[in-house]
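> Predicted coordinates and the sequence they were generated for:
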Amino acid sequence: IGDITALSTDDYVADLRAAADSLAADRRLSKVILLGHSEGAGHVLQAANRGAPAAGVIMVSGMGRKLTDVLHDQFALQVDSATLAQADSSVARFLRGDPTPNVPPIAQPVTLPMYRTFMRSLAAYDPVAEARRLQLPLLVVQGATDLQTTKRDAEQLAAAQPKATVVVLPNVNHVLKVMESSDVQVQLATYRNPALPLAPDVVPTMAGWILGL
């Protein structure tokens, strides 16, 4: 997209639809599975609901609640109650298009003016409603020590789509690395270390489900 200020989640969902159409037309392939991680989990869910040709959907570390609820919980792990209230207020004002003076550092990355259209589209995404609409097999993979999304998100998705397969991987964090600690700084070290392998159960869980289709 040429103008980043106009970027929205619809652009990503459209890209996914186009990619799925291309893969489905390839006679070398038997099935197309849409797999998305974190924010991408919501994109693949929406792409499936908009007609992307697929045999199943895999949501990994995806939101099961609205963006503002998820951000609130992420902020709460890192700041005191007064700063948390200020951060929540800043996000709300930003999404409404109001001036946002004195944004606390924790909220600054998600309140950049150039990304307002995108953040509004992400805030409008309703994971529960989208999961309820899905007519395809769904696998929800969630790490038990994930601090960005949590088991609450997986539970919300499962409640909306009772036929879904939900797997909570013990001692696995948001970037799918082995992690027992819930300390934010300890967790962030795994985000910055590309040498760390994926947790052992991640790939077998997804591959087994796909083969089971």
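Good, I have the coordinates. Residues are numbered from 1 along each chain as shown.

> And the next helix or strand past the worst-scoring helix or strand of the chain on mean pLDDT?
Using mean pLDDT, DSSP states H and E, the weakest-scoring helix or strand in the chain turns out to be helix 184-191, at a mean of 95. Next in sequence after helix 184-191, counting helices and strands by DSSP states H and E, comes helix 202-212.

> Quick check, pLDDT for Val32.
What the model reports for Val32 is a pLDDT of 97.

> Could you check how far the residue sitting furthest away from the middle of the chain is from Asn173?
What lies farthest from the middle of the chain is Arg27; by C-alpha atoms, centre = their mean that is 30.7 Å. Separation of Arg27 from Asn173 (C-beta to C-beta, to the nearest Å) stands at 39 Å. All C-beta atoms are positioned from the backbone trio N, CA, C, and that covers glycine.

> can you check Gly212 too?
Per C-beta to C-beta, Gly212 is found 26 Å from Asn173.

> what about the two, which has more around it?
Per other C-beta atoms under 10 Å, whichever of Gly212 and Asn173 has more neighbours is Asn173, with 25 against 10.

> I figured that one hits Asp146, correct?
Yes - the pair Asn173 / Asp146 is scored as a contact, 5.4 Å apart, by C-beta atoms under 8 Å.

> mind checking the end-to-end distance for stretch 162-172?
24 Å (C-alpha to C-alpha, to the nearest Å).

> Flag every buried residue along it.
Using 16 or more other C-beta atoms under 10 Å as the test for burial, stretch 162-172 gives Ala164, Thr165, Val166, Val167, Leu169, Val172.

> What about these, which are in strands?
Thr165, Val166, Val167, Leu169 (DSSP state E).

> Could you list the low-confidence segments of the chain?
For the chain, the stretches with pLDDT under 70 are 1.

> mind listing the strands in it by residue range?
33-37, 56-60, 138-143, 165-169.

> which parts of stretch 74-82 are buried?
Gln74, Phe75, Val79.

> surely the last one meets Ala107?
No - Val79 lies out of contact with Ala107 (C-beta under 8 Å); the separation is 9.2 Å.

> Could you name every residue contacting both of those two?
Ala87 (C-beta atoms under 8 Å, 6 or more residues apart in numbering).

> Could you list the alpha-carbon positions for stretch 24-39 in CSV?
Taking C-alpha atoms only, stretch 24-39 is exported to CSV below (Å, rounded to 0.1, in the frame of the first residue of the first chain):
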residue,chain,number,x,y,z
ALA,A,24,-5.9,-23.5,-4.2
ALA,A,25,-5.4,-23.3,-8.0
ASP,A,26,-2.1,-25.1,-7.8
ARG,A,27,-2.8,-28.8,-8.7
ARG,A,28,0.3,-29.9,-6.8
LEU,A,29,-1.4,-29.1,-3.5
SER,A,30,-4.2,-31.1,-1.9
LYS,A,31,-5.4,-28.7,0.8
VAL,A,32,-4.9,-25.1,1.9
ILE,A,33,-4.7,-24.4,5.6
LEU,A,34,-4.7,-20.8,6.9
LEU,A,35,-2.3,-20.4,9.8
GLY,A,36,-1.8,-17.1,11.6
HIS,A,37,0.1,-16.1,14.7
SER,A,38,-0.8,-13.3,17.2
GLU,A,39,-2.4,-10.5,15.2
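
> mind starting the numbering at 25 from now?
Happy to do that; since the first residue is 25 now, the last one works out to stretch 48-63.
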